[in-house]
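**Q** Compute the structure for the input listed below.
(chains A, B and C)
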Amino acid sequence: MDAIGLNYVLAIGAVLFVCGVICMTTKRNGIGVLMGVELVLNGANLNFVAFARYSSMGLDGHVISLFVIVLAAAEAAVALAIALNFYNNHLTIDVDRGDELRG
Amino acid sequence: MNIEQLLFALFALATCGGAISVVICQNVVRMAFSLIICLASVSALFFLLSADFVGATQLMVYVGGTIVLLIFGVMLTSSSTLLQIRTSPAEGFLAAGIGVLFLSVFSFTVWSVDWDRNEAKLAGVTAVEGVAPQGYNEASSGNTVRPLAMSFVGLRPDKAGKAPGYLLPFEIVSVHLLVVLVGAAYLARTKRRVSAES
Amino acid sequence: MSLILAAESLAEIISSITGCESCSVAIAAVVHVALVGAFFGLPAAVFIWAERKVSARIQDRLGPTRVGGRFGWLQALADGGKLVQKEDLAPEAADKPLFRVAPYVVVIASFAAFMFLPFTDGWSAVSLDVGMFLLFAMLSLEVIGVILAGYASGSKWALFGGMREAAQMVSYEIPMSICALVPIVMAGTLNLNEVIHYQSAGWVNGLPPFLHWNVFNPVAGPAFIVYFVCATASCKRAPFDLAEAESELVAGFLTEYSGMRWSFFFLAEYASMFLVSAVAAILFLGGWDDGFGIVRSLKGSSTNVLDPSVILGNAIGAGILMLKASKLVLLQIWVRWTLPRLRIDQVMTTCLKYLLPMSCALFLAAVIYPMALVLQTGRPQLLPLSAPITKAAVATAIETDVEIAAVDGEVTE
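**A** Now for the predicted structure:
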C-alpha cells in the first residue's frame, strides 16, 4: 500500500540529518552537540525503516535500526561522561573554551 | 487524502518542527524538550511504516532512556542561569544557508532516483521464497516481533534459511553495551573539581 | 501498525452503515478515545475518594461524610470543582512554557498506556503483538514530565525533588520490566490478550481452572510480589514517596503547582496506580478470566460480537478485570497508610541491591524451571494441569530444531 511514498519519508530523514549536522556545528553547549548527534542517527534510522517497508530490504532494515538505537544509547552514555569531565576541568560546558591542548 | 496521509503529514510536521526548533533554541532544556517531541514523532512515523517493534524500542530506549540521560547531563553541567551561551547572528545566517544548500542536495539526489526500477532489478536478484512466521495479528500489519526475535537467535525463515541470522551481532552488541556502560559510569565518577581560583 | 488495526471491528460496523471508509476510521478512533478516557478518568476519581475513606478508617476516623450522602460519594467532584476555580499561578522564576507543559506530558504518558489493556477478550483499543513492550515504553515517558516539572518550577526544592523522583522511577522500571517478562516468557507472546488466553482454561483432571493463573506458579508467584513492589515504587507511592513528602522537600516537584495543574499530576498518579494494578491482574491473576470457566463457557468459540451470550461473557469479563485491578489498588492504598516512609538511599538500595537481583534470578528460573520439568515429567507444571508431553514429541521437536539449524547453515550449496 503506497499511500505515503518512499521519497517523502526519505525527505524527512534528510531534514533530520541536516538539522543534526547544523546542530553539531553551531552549538557551543556540549550537550547541544550531543543532541545533534542524536538527530543524525534518527535521520539514518528513518531511512533504514523506510527502505525496509518500501523495498526488498525487509527485516534487515529493522534489525539495523535496532542496532543503531542500541549503539546510540551506549554512545550517548560515554559522550555524557566526557562532557561531565570537561565540565569538571573547565567549569563550563562551552566547548569553545576547550581550545588548549595541554592539561 | 486518506487518514494515513493525514497522520503522516501531522507527524512529519512535528518531526521537522522539533528538529528545527532544536537548532534554533538557545536554552538547552528547551532544546531537550524539542528533541523529545521530534523523537516521539519519529517513533510514530515508525508505527505508520509498519515497524512496530522498532517504534516501541525507539520510545523506550531513545525517548525514555537516552533523552533522560541527556537531561540529567544538562542539569549536572548547568552554569548559572544568567550566563547564556549564545551563537552570534552571523554564524546563524551562515549555518542556515549551508543547511538549506545541504538539504537541497539531499532532496535532489533522493528525488532523481527511480526507486521502482531499482527495486525491480534487485528483486530479480535477491528474491527468496520464504515463510513469514505468523503471530497473533496478520504479518502485513506490522507484526515484526516474531521474525525479529527469530533472526536474533539465528533463524531466518523469511529467507528460507538462506541468510544467516543476527546472532553474532546480537551477542557482540550485548557485551559492547555492558562494557560501554561500565566504562561510562567509571569515567563519570565524582572527582575533585578544579576550583574556580586556580 | 496499519492504523486500520487500531479501530478495526468498530470501523467495519460504522463503514457498513455510512459507507465512507476513512471517516468511519476517524469516528471509530474517537469512540475508542472516549472509552479509554472514561476508563482513565473514572477509576482515578473513584480511587481518590476511596483513598480518603480507607485512610480515614485506618486512622480510626470517618473521612468525607458530607458531600453526596452519608459516605461522601461526590467528594472527588467537589475537589475537582474547587481545584478548577483556583488562580492559575506560575512563579516568577519559572520557565513558563515548560511549566505549563509538564503536567500534560505526565497525563499523556499515563493515558496512552491504557490503550493496550484488554478489558475483555477482544475489547482493547489497540491489540498489538508488542503490547507489553509498548505499554512499558509509554510508562517510561512519565519520567520526562517529572523532570520537566522539577526543572521548570525554578525552585531548588522542586529541582531536587524532581531529580530524586526521576532517579527512583527510572531505577524501578528495570526490576518491574524483568518481573513482567516472567509471565511473558511463560506465555510466549507480548500480546496481553494472549497472555490471558494462556491462563484461562477449563476443568482439567478435576482441578479448578484458577490454578492455571500465573500467580499459582512457583516462579511467577514471587515475580508477582516483586512486580507489585516495584510498581508501587514507580508510581511514587508510599513507602517510596520520599520526593512528595511534606516533611522532606515541601512537596518535591509539585511544590509550585496549584489548582488544575496539580490535579492533573494527581489524576495521572491514580490512573498509573490503576494501570499497573490492571497489568498485574492481566499478567499474574488471569485478567478477565474468572477462575471457574464461566466466561469461557459463555463466550464459547463464537466470534460474532452481537451474540447475547458473548456480550454477557464480555461484560462479566470486563467487570472481573476491573474488580481485580481495584483490589490491587486498594492494597496499594492500604500499604501506604500502614508502612513508614523509606529514605532516598534506602529506596535506591532496595531497588538495586535486593529487587534487581531477585528479579534476574526469577527470570532465569522462569526459563529453566519449565524446561527442567518438561524433560523430567513431561509437563511444564507441577500439578497435572495439562496433558503430558511424551518423550517422543520432545525428541521430534528437538529434531525439527536441528533441521532448521542445518538448513540455516547451508548458505552456499
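**Q** going forward, measure contacts between C-alpha atoms and count neighbours the same way
**A** Will do.
**Q** Quick one: residues in contact with whatever helix or strand C:Asp345 lives in.
**A** If you go by DSSP states H and E, C:Asp345 is part of helix C:344-349. Contact partners of helix C:344-349, identified using Cα atoms under 8 Å, 6 or more residues apart in numbering or on different chains, comprise C:164, C:168, C:171, C:240, C:242.
**Q** how near is the second one to C:Tyr270?
**A** If I follow you right, that is C:Gln168. Distance, C:Gln168 to C:Tyr270, using Cα to Cα, to the nearest Å: 18 Å.
**Q** can you count the residues close to A:Glu42?
**A** I think there's a mix-up here, since residue A:42 is Asn and not Glu. A count of nearby residues for A:Asn42, using other Cα atoms under 10 Å in any protein chain shown, gives 26.
**Q** Near chain C, which residues of chain B are found?
**A** With the criterion set to Cα under 8 Å from any Cα of the partner chain, chain B comes near chain C through B:2-4, B:30, B:47-53, B:56-57, B:59-60, B:63-64, B:68, B:135-137, B:141-143, B:145, B:154-156, B:160-164.
**Q** For chain A, tell me which of those show up nearby.
**A** Checked against chain A using Cα under 8 Å from any Cα, these yield the following neighbours: B:4, B:49-51, B:57.
**Q** out of those, which are buried?
**A** The neighbour-count test (16 or more other Cα atoms under 10 Å in any protein chain shown) applied to those identifies B:4, B:49-51, B:57 as buried.
**Q** From these, which shows the smallest pLDDT?
**A** In this model, the minimum pLDDT among these belongs to B:Glu4 (83).
**Q** secondary structure element for that one?
**A** With DSSP H and E as criterion, B:Glu4 is part of helix B:3-24.
**Q** Convert whichever helix or strand comes after that helix to PDB, retaining C-alpha atoms only.
**A** Moving toward the C-terminus from helix B:3-24, the next helix or strand (DSSP H and E) is helix B:28-48. Once non-C-alpha atoms are left out, helix B:28-48 reads as follows in PDB (Å, rounded to 0.1, in the frame of the first residue of the first chain):
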ATOM      1  CA  VAL B  28      19.400  23.800  26.300                       C
ATOM      2  CA  VAL B  29      16.400  22.500  28.300                       C
ATOM      3  CA  ARG B  30      14.100  23.700  25.700                       C
ATOM      4  CA  MET B  31      16.300  22.100  23.100                       C
ATOM      5  CA  ALA B  32      15.900  18.800  25.000                       C
ATOM      6  CA  PHE B  33      12.200  19.100  25.100                       C
ATOM      7  CA  SER B  34      12.000  19.800  21.400                       C
ATOM      8  CA  LEU B  35      14.200  16.800  20.800                       C
ATOM      9  CA  ILE B  36      11.700  14.700  22.800                       C
ATOM     10  CA  ILE B  37       8.900  15.900  20.600                       C
ATOM     11  CA  CYS B  38      11.000  15.100  17.500                       C
ATOM     12  CA  LEU B  39      11.900  11.600  18.600                       C
ATOM     13  CA  ALA B  40       8.400  10.700  19.700                       C
ATOM     14  CA  SER B  41       7.100  11.800  16.300                       C
ATOM     15  CA  VAL B  42       9.800   9.700  14.600                       C
ATOM     16  CA  SER B  43       8.500   6.800  16.600                       C
ATOM     17  CA  ALA B  44       5.000   7.500  15.400                       C
ATOM     18  CA  LEU B  45       6.400   7.500  11.800                       C
ATOM     19  CA  PHE B  46       7.900   4.100  12.500                       C
ATOM     20  CA  PHE B  47       4.500   2.800  13.500                       C
ATOM     21  CA  LEU B  48       3.000   4.200  10.300                       C
END
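**Q** which strands and helices sit next to helix B:28-48?
**A** Applying 3 or more Cα pairs under 8 Å, 6 or more residues apart in numbering or on different chains; DSSP states H and E, one finds that helix B:28-48 contacts helix A:30-54, helix B:3-24, helix B:52-57, helix B:67-76.
**Q** can we see that at 10 Å?
**A** Identification of packing neighbours for helix B:28-48 by 3 or more Cα pairs under 10 Å, 6 or more residues apart in numbering or on different chains; DSSP states H and E yields helix A:6-26, helix A:30-54, helix B:3-24, helix B:52-57, helix B:67-76, helix C:96-112, helix C:142-152.
**Q** Among the contacts of helix C:344-349, which one has the most neighbours?
**A** Counting by other Cα under 10 Å, top hit in those: C:Phe240 with 27 neighbours.
**Q** and that one, what is it in contact with?
**A** For C:Phe240, the contact set (Cα atoms under 10 Å, 6 or more residues apart in numbering or on different chains) comprises C:165, C:168, C:229-230, C:232-234, C:336, C:339-344, C:346-348.
**Q** what about the longest helix belonging to chain A and chain B, any contact?
**A** Longest helix of chain A, by residue count under DSSP state H: helix A:59-90. Yes - Helix A:59-90 lies in contact with chain B when judged by Cα under 10 Å from any Cα of the partner chain; the contacting residues are A:59-67, A:69-90.
**Q** which of those are buried?
**A** Buried positions within the residues of helix A:59-90 next to chain B, assessed by neighbour count (16+ other Cα under 10 Å), are A:59-66, A:69-90.
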